[in-house]
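**Student:** The following block contains a protein sequence and its predicted model.
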There are 2 protein chains.
Amino acid sequence: MREKFTAYIRQLQDTITQRLESLDGNATFKQELWERSGGGGGRTRVIENGNVFEKGGVNISEVHGELPETMQNYFGVKDSKFFACGLSLVIHPKNPFVPTVHANWRYFELYDESGKVVQQWFGGGQDLTPYYLFEEDAVHFHSICKTACDKHDKSFYPKYKKQCDEYFYNSHRGEARGVGGLFFDYLKPYENRTNEQWYDFVTEVGNSFLDAYVPIVEKRKDIEYTKEHRNWQEIRRGRYVEFNLIHDKGTLFGLKTNGRIESILMSLPPYVQWRYDYHPEKNSPEESLLNVLKSPKEWV
Amino acid sequence: MREKFTAYIRQLQDTITQRLESLDGNATFKQELWERSGGGGGRTRVIENGNVFEKGGVNISEVHGELPETMQNYFGVKDSKFFACGLSLVIHPKNPFVPTVHANWRYFELYDESGKVVQQWFGGGQDLTPYYLFEEDAVHFHSICKTACDKHDKSFYPKYKKQCDEYFYNSHRGEARGVGGLFFDYLKPYENRTNEQWYDFVTEVGNSFLDAYVPIVEKRKDIEYTKEHRNWQEIRRGRYVEFNLIHDKGTLFGLKTNGRIESILMSLPPYVQWRYDYHPEKNSPEESLLNVLKSPKEWV
């Protein structure tokens, strides 16, 4: 499974970066290969200052070795070895009418002293963060998520949609980061579902990503916008930063275990604003976004 | 002491905001009074879009009541009542040649069931974050800090200067937030020093703040700057955000105990940038700042 999923995310990284480059029409992804001193490494691909994409990264990593002490406590094991690989992406478009998107698909194995696998699981998901809300875009994104889930189990979409709303939540603001999507973790083999079947599910979601996001970008990327639209986007990007630096477990884990800083923080938006106690006008499009973020909706 | 220190910080807030307003010459502080549901409240004063100060806050708060559970664990007490008051300020100037400054002075009391004080301490400090380093400015700031300390104990400056370097450190970047200043906490009465004497020390530092900062602002506020200087300032402000949201105990404590969000996060700079893996040019002023931040210096 290690080899199989690693091969999958390599291929998926190529597919996604090629499609986004052709969509952008100007900027290309710059690649950086890096190695981890404890074992493994990654392939970071970053796009900046494009026609459509202002900043974004589509990164894969494949790391292994001794499980760091902080993680031993977290998983309740000791002196264990581990393997982890995954693809992680965040795309910040320039046009405030095009939503930011985030996705991640990952696989984890823990070993005992003899090298036998003692735990293995998949995790990940994909979620959308609009600055101006087109309800049909949220419906489209969630429909693709639901279709991918339903092929495997009708219970998956409602469950992982709810987990996404709960996870990407700025509790200190009382609002969701965006309009959600899917979030799942610790997908382990159990009586009715094998590791292979989880692989099939997670790759189904991975394969749905471009269908979920690209049509939204195509529809919104040429809408004209003003400095005011852009200000609102930059203020909302501030909330994105707050979530990633205060609440996101992946980011904090990476920072505390000496991950590659620039690969971890490539998720931060390029231009960001914080204004004191900013409130959009009553009955404005900006306010209606906030209303939706305050109480997550069922989109499909 | 509660009343005495509360009266002090009220007066100091007036003194500081008046001086900064006259220095700015355009913008004024907007005041907001707020109440805390568990007891107490605060007086937030924020300045925005001034000639000199792009965003800043000088806030006081005076809160009391049942000690929140997270804090009970932190202090190793239970079912305790508390009192806390303090002044906290962060000033982000517009001109990249004028440093950002932060300061805080606070007093804390814990009570047993009968209402008797069982613990009491002062804390605080002041520190400077330049974007372009004028060594004479760092020397000036630290000299004022040292003079204030030396009046009370020759050991204070070296000790609290070191604690400042250690505290305002972005460990995930391997660099200091700025050029430091003073940081002290848990200043409790002991055999040779009474609570009154700690009050005298902390207010000495508080009274030194304007002398430490204002001359630097006056000297640098009219230097001409380009878009490139401004870009560098905004990139470095990103590091300020990272420190405050990832490492700063005060910010995280406020967020996790449902403090007033806008008063806590008024410390965040107005315009901020994150670029992927940005490095300044060799032998540039930008690079020489980084070199200093990587290994804290003795300024006086």
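**Tutor:** Ah, there it is. None of these values were measured; they are calculated from a predicted model. Numbering: from 1, shown residues only, chains lettered A, B, ... in the order given.
**Student:** Quick check: residues of chain A near chain B?
**Tutor:** Contacts of chain A with chain B, taken as C-beta under 8 Å from any C-beta of the partner chain, map to A:32, A:46, A:48, A:55, A:57, A:172-173, A:234, A:238, A:241-242, A:245-246, A:252, A:255-256, A:261-262, A:265-266, A:268-277. To be clear about C-beta, it is placed using only N, CA and C from the backbone, and glycine gets the same treatment.
**Student:** Now, of the residues you listed, which are buried?
**Tutor:** Buried by 16 or more other C-beta atoms under 10 Å in any protein chain shown: A:46, A:48, A:55, A:57, A:172-173, A:234, A:238, A:241-242, A:245-246, A:252, A:255, A:261-262, A:265-266, A:268-276, out of these.
**Student:** Just the residues of chain A next to chain B: which are in strands?
**Tutor:** A:E32, A:V46, A:E48, A:K55, A:G57, A:Y271, A:V272, A:Q273 (DSSP state E).
**Student:** Return the set of buried residues in the helix or strand containing A:R43.
**Tutor:** In the assignment (DSSP states H and E), A:R43 maps to strand A:40-48. Across strand A:40-48, burial judged by 16+ other C-beta under 10 Å covers A:G40, A:G42, A:R43, A:T44, A:R45, A:V46, A:I47, A:E48.
**Student:** correct me, but the fifth one touches A:Q13?
**Tutor:** Yes: counting by C-beta atoms under 8 Å, A:Q13 is a contact partner of A:R45 at 6.7 Å.
**Student:** what's the neighbour count on the residue nearest to A:R239 when sequence neighbours are not counted?
**Tutor:** Nearest residue to A:R239, sequence neighbours excluded (C-beta to C-beta, 6 or more residues apart in numbering or on different chains): A:N170, at 5.9 Å. By the criterion of other C-beta atoms under 10 Å in any protein chain shown, A:N170 has 18 neighbours.
**Student:** Next, give phi and psi for the residue in the stretch 51-200 of chain A positioned nearest to chain B.
**Tutor:** The minimum distance from the stretch 51-200 of chain A to chain B, using C-beta to the nearest C-beta, falls at A:H172 (4.4 Å). Dihedral pair for A:H172: phi -70, psi -10, per degrees, to the nearest 10.
**Student:** Tell me, what's the model's pLDDT at it?
**Tutor:** pLDDT for A:H172: 92.
**Student:** Tell me which residues touch the closest residue to it other than its chain neighbours, please.
**Tutor:** In space, and not counting its chain neighbours, A:H172 is closest to B:L255: 4.4 Å by C-beta to C-beta, 6+ apart. Neighbour list for B:L255: A:H172, A:I246, B:I261, B:I264 [criterion: C-beta atoms under 8 Å, 6 or more residues apart in numbering or on different chains].
**Student:** and those as CSV, adding distance to A:E109?
**Tutor:** CSV is the format used below for these (distance: C-beta to C-beta, whole Å):
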residue, distance to A:E109
A:H172, 35
A:I246, 30
B:I261, 40
B:I264, 40
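**Student:** And these, which is closest to A:N192?
**Tutor:** The nearest member of the contacts of B:L255 to A:N192, counting by C-beta to C-beta, is A:I246 at 37.4 Å.
**Student:** and that closest one, what does it touch?
**Tutor:** A:N170, A:H172, B:L245, B:I246, B:L252, B:L255.
**Student:** Let me have those residues in TSV, adding distance to B:D153 as columns.
**Tutor:** Below are the contacts of A:I246 laid out as TSV (distance: C-beta to C-beta, whole Å):
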residue	distance to B:D153
A:N170	44
A:H172	39
B:L245	34
B:I246	33
B:L252	31
B:L255	35
